[in-house]
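Undergrad: below are the sequence and a predicted model; questions follow.
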Amino acid sequence: MARADFPAPGSIAGTISANAARLSEALNAHMRNSFQPESRKTLRKFHPAEVAELTGLSMSNLRTRHQEGDFPEVETDSRGRRLYSAAEIDQIRHVMARTGRNGEAYLPGRRAGDGLQVISVVNFKGGSSKTTTAIHLAQRYALRGYRVLAIDMDPQASLTTMFGYRPEIEFAETGTIYDALRYDDPVPLAQVIRKTYFHNLDLCPAGLLLSEYETETAYALQHRVEPPFTQRLAIALDEVEAQYDLVLIDCPPQLGFTTMSALLASTGLLINVVPSMLDVASMAQFLEMAGEIVRTLEESAGPTDWRFLKFLISRYEPTDVPQAQMAGFLRSILLDQVLMTPMLKSTAISDAGMTQQTIYELDPTHVVRKTLERILESVNGAADELEAVIQAAWGRNV
Ligand SMILES: Nc1ncnc2c1ncn2[C@@H]1O[C@H](COP(=O)(O)OP(=O)(O)OP(=O)(O)O)[C@@H](O)[C@H]1O
Ligand SMILES: [Mg+2]
């Protein structure tokens, strides 16, 4: 392999810029080939077995109701099997809510008096699967019939990228959560929220400019600019809250003002933890710092609205003995705060991630069935457990 000569003193900055330009160009080429921009991204259709799993209807009931003409007629594939769009699945839910026995159960979202649930996916360890978890949960809940808003609170904007955007091009100047949070002439949150190709799922994008929020908040605190960072996201969310059941916030791997703004607007926290010694040690530090900061803030800003704190064991490899031991250790200490179902490490997630897809977007016929089934069981299992926690926050048992 060719080796660069030692650079002349002072020339590294130029090299960094040159690398950035080359990478950006190569990425553009890669994305043009392998990846659909948001405007072209579409959501695949779903098979009857998936519809049954998502709605709680039995397959036979689904068939009968079609024969009786209760449900909208949908596309069929070459073998005559029905294929449903996410919007059609939602229509079926509404028909069931009107006509089914125990119809209400088909609509899992908020009812009169239920508060908006805002869940931050957080940890300051980089790469602990926060963004992967946030997008999978957001999509799973949208498919389950909740109205979901996903907020990207990370200037790296990985969540925004997963939706098919090129944040460094499309959101370099404006159009992100930063615009709604900034101290100088903020815009209403609704102005930066985008509908997505995913039914029931809206996105509030991020971009690099969001990193300005850290320095601007430090300045605003000194000059007592109102409202303070402790309230800014909650106030912004108030304007749109009636349109959603759930908000999922993808936090950056730091514990700065951006993360704190997300935490203080939340009603629940989900902490990803990879069961390795270094990750657990890092998380312990995170918890200690977060606890201390929040206690101090509570003295001036009042108590948080947190109803739950859950830990999700992430990128788990059950055959890795040290990992299994560390997972057991976590459970022995954190008890039922740890979700029973871990999120497994899977090539389905890492492969799909290369083309900005989730396991819900993958066409099941394009993936090894066993691989997909295994990871779906894991991610759905964790999502379902958290869904029960959300329902419990609304006073319902599922
Ligand atoms: N369960 C999994 N199986 C396989 N790969 C995974 C899994 N979870 C995450 N990854 C991969 O690991 C990488 C990091 O994941 P992700 O971006 O979700 O972490 P993160 O905590 O959001 O990182 P950051 O701290 O930088 O925001 C990604 O390439 C992702 O595809
Ligand atoms: Mg991330």
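TA: Arrived safely, thanks for sending. Ligands and ions are numbered 1, 2, ... in the order given.

Undergrad: C-alpha from now on. contacts and neighbour counts both.
TA: Fine.

Undergrad: relative to Thr258, how far out is Phe308?
TA: Phe308 sits 20 Å away from Thr258, taking CA to CA, to the nearest Å as the criterion.

Undergrad: of all the residues in the stretch 1-150 of the chain, which ones are close to ligand 1?
TA: Of all the residues in the stretch 1-150 of the chain, those in contact range of ligand 1 (CA under 6 Å from any ligand atom) are Lys125, Gly126, Gly127, Ser128, Ser129, Lys130, Thr131, Thr132.

Undergrad: could you tell me which of those residues count as buried?
TA: Among those, those buried by neighbour count (16 or more other CA atoms under 10 Å) are Lys125, Ser128, Ser129, Lys130, Thr131, Thr132.

Undergrad: residues contacting the third one?
TA: Yep, that's Ser129 we're talking about. If a contact means CA atoms under 8 Å, 6 or more residues apart in numbering, then Ser129 has Asn272, Ser314, Arg315 as its contacts.

Undergrad: also the fourth one?
TA: When the contact criterion is CA under 8 Å, 6+ apart, the partners of Lys130 are Val121, Val122, Asn123, Asp250, Cys251, Asn272.

Undergrad: bridging residues for the fourth one?
TA: In this case it means Asp250. As for beta bridges, Asp250 partners with Val121, Asp152 under DSSP bridges.

Undergrad: low pLDDT regions in the stretch 51-200 of the chain?
TA: Across the stretch 51-200 of the chain, not a single residue meets the criterion (pLDDT under 70).

Undergrad: in it, which spans are strands?
TA: Ranges of strands in the stretch 51-200 of the chain, per DSSP state E, counting those that start in this stretch, are 75-76, 82-83, 117-122, 148-152, 194-195.

Undergrad: packing partners of the second one?
TA: Think strand 82-83. With contacts taken as 3 or more CA pairs under 8 Å, 6 or more residues apart in numbering; DSSP states H and E, strand 82-83 sits against strand 75-76.

Undergrad: contact partners of the strand it packs on?
TA: Arg82, Leu83, Tyr84.

Undergrad: what of stretch 212-232?
TA: With CA under 8 Å, 6+ apart as the criterion, stretch 212-232 contacts Tyr178, Leu181, Arg182, Tyr183, Gly256, Phe257, Thr258, Met260, Ser261, Leu264, Ala265, Ala301.

Undergrad: make a markdown table from those residues and add distance to ligand 1 and neighbour count to it.
TA: Listed next are these as a markdown table, based on distance: CA to the nearest ligand atom, whole Å; neighbours: other CA atoms under 10 Å:
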| residue | distance to ligand 1 | neighbour count |
| --- | --- | --- |
| Tyr178 | 17 | 27 |
| Leu181 | 20 | 24 |
| Arg182 | 22 | 19 |
| Tyr183 | 25 | 20 |
| Gly256 | 13 | 14 |
| Phe257 | 16 | 18 |
| Thr258 | 13 | 25 |
| Met260 | 15 | 20 |
| Ser261 | 16 | 21 |
| Leu264 | 19 | 25 |
| Ala265 | 19 | 24 |
| Ala301 | 28 | 14 |
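
Undergrad: among the residues you listed, which pair sits farthest apart?
TA: Within those, two members stand farthest from each other by CA to CA: Tyr178 and Ala301, at 21.9 Å.

Undergrad: give the burial count for whichever residue of the stretch 151-300 of the chain sits closest to ligand 1, as a bare number.
TA: Distances from the stretch 151-300 of the chain to ligand 1, computed as CA to the nearest ligand atom, single out Pro253 as the nearest residue at 4.4 Å. By other CA atoms under 10 Å, 17 other residues sit near Pro253.

Undergrad: state the distance from it to Glu214.
TA: Taken as CA to CA, the spacing of Pro253 relative to Glu214 amounts to 14 Å.

Undergrad: repeat for Val95
TA: As defined by CA to CA, Val95 lies at a distance of 47 Å from Glu214.

Undergrad: now swap in Trp306 and tell me
TA: If you measure Trp306 against Glu214 using CA to CA, the figure is 23 Å.

Undergrad: what of Arg194?
TA: Distance, Arg194 to Glu214, by CA to CA: 24 Å.

Undergrad: ok, now Leu334?
TA: In this structure, Leu334 and Glu214 are separated by 32 Å, where distance is defined by CA to CA.

Undergrad: okay, these two: which has more neighbours?
TA: Using other CA under 10 Å, the more surrounded residue of Leu334 and Glu214 is Glu214, with 16 against 12.

Undergrad: next one: that one, what pLDDT does it get?
TA: Per-residue confidence (pLDDT) for Glu214: 97.

Undergrad: gap between the host helix or strand of it and the chain center?
TA: When secondary structure is defined using DSSP states H and E, the element that contains Glu214 is helix 212-222. With CA atoms, centre = their mean, to the nearest Å as the basis, helix 212-222 stands 26 Å off its chain's centre.

Undergrad: middle-most residue in this structure, spatially?
TA: Nearest to the geometric centre of the chain sits Ala134, at 1.9 Å (CA atoms, centre = their mean).

Undergrad: check contacts around that one.
TA: Val121, Ala150, Leu159, Leu248, Ile249, Asp250.

Undergrad: wouldn't Ile89 be in contact with Glu50 here?
TA: No. Contact criterion CA atoms under 8 Å: Ile89 and Glu50 do not qualify, at 9.9 Å.

Undergrad: which one's more surrounded, those two?
TA: Neighbours of Ile89 and Glu50, each counted by other CA under 10 Å, are more numerous for Ile89; the result is 25 against 15.

Undergrad: what sits against the more buried one?
TA: Residues in contact with Ile89, defined by CA under 8 Å, 6+ apart, are Val51, Thr55.

Undergrad: what pLDDT does Pro228 get?
TA: For Pro228, the pLDDT comes out at 95.

Undergrad: phi, psi of it?
TA: As for Pro228, its main-chain torsions (degrees, to the nearest 10) stand at phi -70, psi 170.

Undergrad: which residues of the stretch 251-398 of the chain lie near ligand 1?
TA: Pro252, Pro253, Arg315, Met343, Leu344, Lys345, Ser346, Thr347, Ile349, Ser350, Gly353.

Undergrad: flag the least confident of those.
TA: Comparing pLDDT over these singles out Gly353 as the least confident position, at 82.

Undergrad: using PDB, write out every CA atom in the helix or strand harbouring that one.
TA: Counting by DSSP H and E, the element that carries Gly353 is helix 347-354. Extracted in PDB, the C-alpha atoms of helix 347-354 (Å, rounded to 0.1, in the frame of the first residue of the first chain):
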ATOM      1  CA  THR A 347     -26.100  -8.700   9.700                       C
ATOM      2  CA  ALA A 348     -29.600  -7.800   8.600                       C
ATOM      3  CA  ILE A 349     -29.300  -4.500  10.600                       C
ATOM      4  CA  SER A 350     -25.700  -3.700   9.500                       C
ATOM      5  CA  ASP A 351     -26.300  -4.700   5.800                       C
ATOM      6  CA  ALA A 352     -29.600  -2.800   5.600                       C
ATOM      7  CA  GLY A 353     -27.900   0.200   7.200                       C
ATOM      8  CA  MET A 354     -25.500   0.400   4.300                       C
END
